[in-house]
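Asker: below: sequence and its predicted model.
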Amino acid sequence: MSTGHVDQVSFTGAAQSLLHEVLRDEWGQVSLSVYETARLVALAPWLDGHSTRLEFLCRQQSPDGSWGSPDGYAFVPTLSATEALLASLRRPSDAGAINRQQVVLAAARGLHALKCWLDDSAFSVPDTIAVEIIAPGLIAQINDHLAHLATQPLLDPDDGWPRTTLLLPADIQPVPLAAIRAALGRKDVHSMKLWASLEAFHGGSEPMPFIRPEAGAVGCSPAATAVWLGGSPEDDQDARVYLQRLQARGGGPVPGVTPITFFERAWILNSLAPTGLAYTVPEPLLDSLEAGIGEYGVPAAPGLPPDADDTAGVLYALALHGRPHRPDSLMHYRGDGYFTCFPSERTPSTSTNAHVLEAFGAHLVRGPGDRRRFGPAAEMVATWLLEHQRQDGSWYDKWHASAYYATACCVLALTTFEPERSAQAVAAAVDWVLATQRADGSWGRWTGTAEETAYAVQILLRADIPARSHAVARAAAAGCWFLTASDGPTEYPGLWHAKDLYAPTAVIRGARLAALALGAAKISSLGRLAS
């Protein structure tokens, strides 16, 4: 690929355009969600676009009756879509909004897929957001629908309806509803984490006045907003406007977590900064990130609780772009050997700890006098990351379905701030990337994707391993050629963990652009070094 001045000018213009685009978008770019769309079908049939959402669910169903991705990731969206279709069949007002036979068949196929999984003792459910409360609730609702519909003439006796109720998967231990309600009622900043999954345990009838929507949204979730609005003591016009605007934006179907303001902007800036492109960040964009910093750090967006991941990402982005802030807020999340994403969580996150290392490392470069306060924490995080590398050289993370994301986060942090300690681990990660490239030049867990290829190319080009220069140059060049033909949100499948998998499309576009810019700048020089 060309590495001349024209490429750099083109990439700089693309970076500038992307930054202005995300600044203009108050919500952020998120792919459509089967889970959230289905929850609106079940919870808000009054909302404009209801019939379009039903059609979307039927259209998105896979031939095997499921919705979603492989390896257990289809379980929650299939539960949500199947329950929504069954709820629609029970709702007299939907009679004119649906093709009843189409919905019956789709629901029956969804039930068949669920039964196949639940009858398989080896079936495992991934650790997506709130699965331990979402799955039990939806299974209970589906069983209630089945009991009611068993007395209703739908099709014929062999239409595929299960004759037994659905049971929980063996690896899900539901959290007692009383414990959730007690935590929700504490009204502290950390109980806000539960707001985003309100639909999983709130019946929609009792008021919850301590929940405070942000610009109409409860927990940045259409589903949580819909159920809260149903139980609100008064008609909240802002919440209705939020749902109406969001469904109009997607033509009926809705995305998952929205907005993602701070997360989206920080991640794009952190992707672009190492490329050397001469872009200029709009000052209001940096202002918005600074405005998000509070006592406990930064949330992914207004209306969500602060967390270590977004706090570290925002602090690092500001430091890289001339607005450094002390990382004191991160110390709230220091745990036993690593940093938690939230003060209370079931599983740790490698990507969060990689971002924490970057935030501390960037601060210590500028303020070495703070080494006594932050140095031990940074060293602890680096040690933890090195200890959690997998045998094949990769890392895995609870926020993403692909190991390429977690590995990129860890390699970039370690090579920047712990290059000597991490040299062997980084070399192992590079070997893993080289060994897993596909024949078309791409990388991916299930199939080659632009997002995972962008992370793989960044790993190869940011790691400094002269002994592998020739192999790295060839692999990165093939990856960049793949990326040049992969430029559009429809080619960005969901890989990020929310209640189901989603794609933050502007974040992915930033990662892709960064990989191509690095490729244009480095591949030729790597080839010359190898020769």
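Answerer: Sure thing, it's come through. From a predicted model like this one, the values you see are computed outputs, not experimental measurements.

Asker: buried residues, stretch 43-60. List them.
Answerer: Buried positions in stretch 43-60, judged by neighbour count with 16 or more other Cβ atoms under 10 Å: 43-45, 47, 49-58, 60. Yep, even glycine has a C-beta here, placed from its N, CA and C like the rest.

Asker: sorry, that was for stretch 425-444
Answerer: Within stretch 425-444, the residues that qualify as buried are 425-426, 428-430, 432-434, 436-437, 441-444, counting by 16+ other Cβ under 10 Å.

Asker: where exactly do the strands run in the stretch 351-500 of the chain?
Answerer: Using DSSP state E, counting those that start in this stretch, the strands of the stretch 351-500 of the chain run over residues 496-497.

Asker: now render the buried residues of stretch 425-444 as TSV, adding pLDDT.
Answerer: Putting the buried residues of stretch 425-444 into TSV (pLDDT from 0 to 100) gives the following:
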residue	pLDDT
A425	98
V426	98
A428	98
A429	98
V430	98
W432	98
V433	98
L434	98
T436	98
Q437	98
G441	97
S442	97
W443	98
G444	98
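
Asker: output those as CSV; include the columns distance to G65.
Answerer: Shown next, in CSV, are the buried residues of stretch 425-444 (distance: Cβ to Cβ, whole Å):
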residue, distance to G65
A425, 42
V426, 43
A428, 40
A429, 38
V430, 41
W432, 35
V433, 35
L434, 38
T436, 31
Q437, 33
G441, 34
S442, 29
W443, 30
G444, 24
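
Asker: sort out for me which of those are in helices.
Answerer: Residues of these located in helices (DSSP state H): A425, V426, A428, A429, V430, W432, V433, L434.

Asker: returning to that earlier point: take the buried residues of stretch 43-60 and keep only those in helices.
Answerer: Those of the buried residues of stretch 43-60 lying in helices (DSSP H): L43, H50, S51, T52, R53, L54, E55, F56, L57, C58, Q60.

Asker: go through the ones in helices among the buried residues of stretch 425-444 and name the one nearest M208.
Answerer: Compare each of these with M208 using Cβ to Cβ and the shortest gap goes to A429, at 45.6 Å.

Asker: show me what contacts the closest one?
Answerer: Contacts for A429 (Cβ atoms under 8 Å, 6 or more residues apart in numbering) come out as Q389, G393, S394, W395, T407, C410, V411, I459, A463.

Asker: one more pass at 7 Å, please.
Answerer: For A429, the contact set (Cβ atoms under 7 Å, 6 or more residues apart in numbering) comprises G393, S394, T407, V411, I459.

Asker: which of those lies closest to S197?
Answerer: Out of these, the member with the shortest distance to S197 (by Cβ to Cβ) is T407, at 28.8 Å.

Asker: surely the closest one and W395 touch.
Answerer: Yes. T407 lies in contact with W395 (Cβ atoms under 7 Å); the separation is 4.9 Å.

Asker: give me the contacts around the host helix or strand of H148.
Answerer: Here H148 sits within helix 131-149, counting by DSSP states H and E. Residues from elsewhere that reach helix 131-149, judged by Cβ under 7 Å, 6+ apart: 76, 79-80, 82-83, 86-87, 89-90, 125, 162, 165-166, 168, 172-175, 180, 197, 200-201, 499.

Asker: let's see that with 8 Å instead.
Answerer: By Cβ under 8 Å, 6+ apart, helix 131-149 touches 75-76, 79-80, 82-83, 86-87, 89-90, 111, 114, 125, 161-162, 165-169, 172-175, 180, 197, 200-201, 499.

Asker: helices and strands around the longest helix along the chain, which ones?
Answerer: As assigned by DSSP H, the longest helix anywhere in the chain is helix 505-530. If you count contacts as 3 or more Cβ pairs under 8 Å, 6 or more residues apart in numbering; DSSP states H and E, helix 505-530 packs onto helix 5-24, helix 261-272, helix 450-462, helix 469-484.

Asker: and the shortest one, what does it pack against?
Answerer: Helix 261-272 sits against helix 5-24, helix 283-291, helix 308-320, helix 505-530, with contacts defined as 3+ Cβ pairs under 8 Å, 6+ apart.

Asker: sorry, back to before: go through the buried residues of stretch 43-60 and name the one nearest P306.
Answerer: L43 (27.7 Å).

Asker: check contacts around the closest one.
Answerer: E199, G204, A223, A226, V227, G230.

Asker: hang on, the earlier thing: so which of the helices and strands packed on helix 261-272 is the most packed in?
Answerer: Neighbour counts (mean count of other Cβ atoms under 10 Å) averaged over each of the helices and strands packed on helix 261-272 peak at helix 308-320, with a mean of 27.

Asker: the more surrounded of T407 and W395?
Answerer: Between T407 and W395, T407 has the larger neighbour count (other Cβ atoms under 10 Å), namely 31 against 24.

Asker: report pLDDT for the residue lying closest to P299 once chain neighbours are set aside.
Answerer: Closest residue in space to P299, ignoring its immediate chain neighbours: P306 at 4.8 Å, by Cβ to Cβ, 6 or more residues apart in numbering. At P306, the model reports a pLDDT of 95.

Asker: low-confidence ranges in this protein?
Answerer: In the predicted model of the chain, residues 1-6, 153-163, 176-178, 181-190, 203-207, 231-234, 525-531 satisfy pLDDT under 70.

Asker: hmm, back to that, now, the contacts of A429 that are in helices?
Answerer: Among the contacts of A429, the members found in helices (DSSP H) are T407, V411, I459.

Asker: what is the nearest of these to P70?
Answerer: Closest approach between the ones in helices among the contacts of A429 and P70, by Cβ to Cβ: T407, at 20.0 Å.

Asker: from memory that closest one sits against V430, does it?
Answerer: No. T407 is not in contact with V430 according to Cβ atoms under 8 Å; the separation is 9.6 Å.

Asker: what are the ranges of the helices in the stretch 101-250 of the chain?
Answerer: 131-149, 177-184, 222-231, 237-249 (DSSP state H, counting those that start in this stretch).

Asker: okay, these, which one's buried deepest?
Answerer: helix 222-231 (a mean of 25).

Asker: ok now that one, how far from the chain's centre?
Answerer: Centroid separation for helix 222-231 versus its chain: 21 Å, with Cα atoms, centre = their mean, to the nearest Å.

Asker: that helix vs helix 237-249, what angle?
Answerer: Orientation check (axes from the mean of the first three to the mean of the last three Cα atoms, to 10 degrees): helix 222-231 against helix 237-249 gives 140 degrees.

Asker: list the contacts of helix 222-231.
Answerer: 35-36, 39-40, 43-44, 47, 195-199, 202-208, 211, 213, 216-219, 236, 239-240, 242-243, 246-247, 254-255, 258, 499.

Asker: now list the buried members of these.
Answerer: With neighbours counted by 16+ other Cβ under 10 Å, the contacts of helix 222-231 contain buried members at 35-36, 39-40, 43-44, 47, 195-199, 202, 208, 211, 213, 216-219, 236, 239-240, 242-243, 246-247, 254-255, 258, 499.

Asker: please parse the protein into its domains.
Answerer: Per the record, the chain has its domains at 5-28+258-530, 34-249, by automatic domain parsing.

Asker: tell me how many other residues crowd Q173.
Answerer: Q173, neighbours per other Cβ under 10 Å, totals 9.

Asker: ok, the residue lying closest to it once chain neighbours are set aside to A179 distance?
Answerer: Spatial nearest neighbour of Q173, excluding adjacent residues (Cβ to Cβ, 6+ apart): E132 at 6.6 Å. Distance of E132 to A179, given as Cβ to Cβ, to the nearest Å: 11 Å.
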